[in-house]
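Novice: Please work out how this folds:
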Amino acid sequence: MKFQEFTKGIIKNNAVFALALGLCPTLAITTSVENALGMSLAFAFVLISSNLIISALKRFIPQEVRIPCFIVIIASLVTAIDLFIHGYSPTLYEHLGIFLPLIVVNCIILGRAEAFASKHSVSDTFLDAAGVSVGFALAIISVSAIRELLGSGTIVIFGHEVVPAFTSSPAVVMLLPPGAFLTIGILLALLKRAKVI
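Specialist: Numbering: from 1, shown residues only. Modelled structure (predicted):
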């Protein structure tokens, strides 16, 4: 039963592909795998930390003000990760732009806090948050890998060419907003066809 808490958020209830949540950052920052990795790590830090704190403090948070309390906890963690990325990776900070602070109001994080963390044990909450984080990371990294590969002809992570250039004339439209919609649409169709989600 415990392991199921982890696995359900990865594919079956994947926030991006199965539930269509968190599409704003998915569409906006998936122009490169490096951006997706940065957003995935920031998202995972905030989701796991906030849900653990909320689960541990659930008995002390009054029912009437639980949502504002959740937002304060999430906002504090987002501020911490925002300052960390700004200090240690200014380029990534610049690429993530407004979407990094917008993690505060990400419906996935607030939804997991309300639907799961506030009602379950700390250990179950950790497994749930870790599974949702892995699922979100897989979704945005797969979208960004396809977009970067087709849009620039290569995949570069932290200055290293991971996938060598395979074309001299990439489809630049894949790096534009229509490319994000096309990629997500095709991936959703393939996952539905394969009955994965």
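Novice: what's the single longest helix in the chain?
Specialist: When the chain is parsed with DSSP state H, its longest helix is helix 122-152.
Novice: What strand or helix carries the residue of the chain positioned farthest from its centre?
Specialist: Distance from the centre of the chain peaks at S168, with 31.3 Å (Cα atoms, centre = their mean). Following DSSP states H and E, there is no helix or strand that holds S168.
Novice: what's near enough to touch the residue nearest the centre of the chain?
Specialist: Residue closest to the average C-alpha location in the chain (Cα atoms, centre = their mean): F136, at 4.2 Å. Residues in contact with F136, defined by Cβ atoms under 8 Å, 6 or more residues apart in numbering, are 14-16, 22, 40, 43-44, 47, 108. (Glycine included, C-beta is placed from N, CA and C.)
Novice: what's the answer for A36, then?
Specialist: Residues in contact with A36 (Cβ under 8 Å, 6+ apart) are 29-30, 137, 140-141, 143-145.
Novice: Which SSE is immediately downstream of the longest helix of the chain?
Specialist: On the C-terminal side of helix 122-152, the closest following helix or strand by DSSP H and E is strand 155-157.
Novice: List the contacts of that next one.
Specialist: Here strand 155-157 has contacts from 32-34, 37, 145, 148-149, 161-163, using Cβ under 8 Å, 6+ apart.
Novice: Surely M174 is in contact with S144?
Specialist: No. M174 lies out of contact with S144 (Cβ atoms under 8 Å); the separation is 10.4 Å.
Novice: Looking at those two, which has the bigger crowd around it?
Specialist: The neighbour count for M174 versus S144, taken as other Cβ atoms under 10 Å, is higher for S144 (26 against 19).
Novice: And that one, what's its pLDDT?
Specialist: pLDDT for S144: 97.
Novice: Please apply the same query to V162.
Specialist: For V162, the model assigns a pLDDT of 87.
Novice: what does P25 give?
Specialist: 89.
Novice: okay, now it: neighbour count?
Specialist: Neighbourhood size, P25 [other Cβ under 10 Å]: 24.
Novice: Please could you give me each C-alpha atom of the helix or strand that it is a member of, formatted as PDB?
Specialist: P25 belongs to helix 23-28 when assigned by DSSP H and E. These are the backbone C-alpha positions of helix 23-28, laid out as PDB (Å, rounded to 0.1, in the frame of the first residue of the first chain):
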ATOM      1  CA  LEU A  23       0.300  23.400 -17.800                       C
ATOM      2  CA  CYS A  24       1.400  27.000 -17.500                       C
ATOM      3  CA  PRO A  25       5.000  26.200 -16.500                       C
ATOM      4  CA  THR A  26       4.900  23.100 -18.700                       C
ATOM      5  CA  LEU A  27       4.200  25.200 -21.800                       C
ATOM      6  CA  ALA A  28       6.400  28.100 -20.900                       C
END
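Novice: Done for today, thanks.
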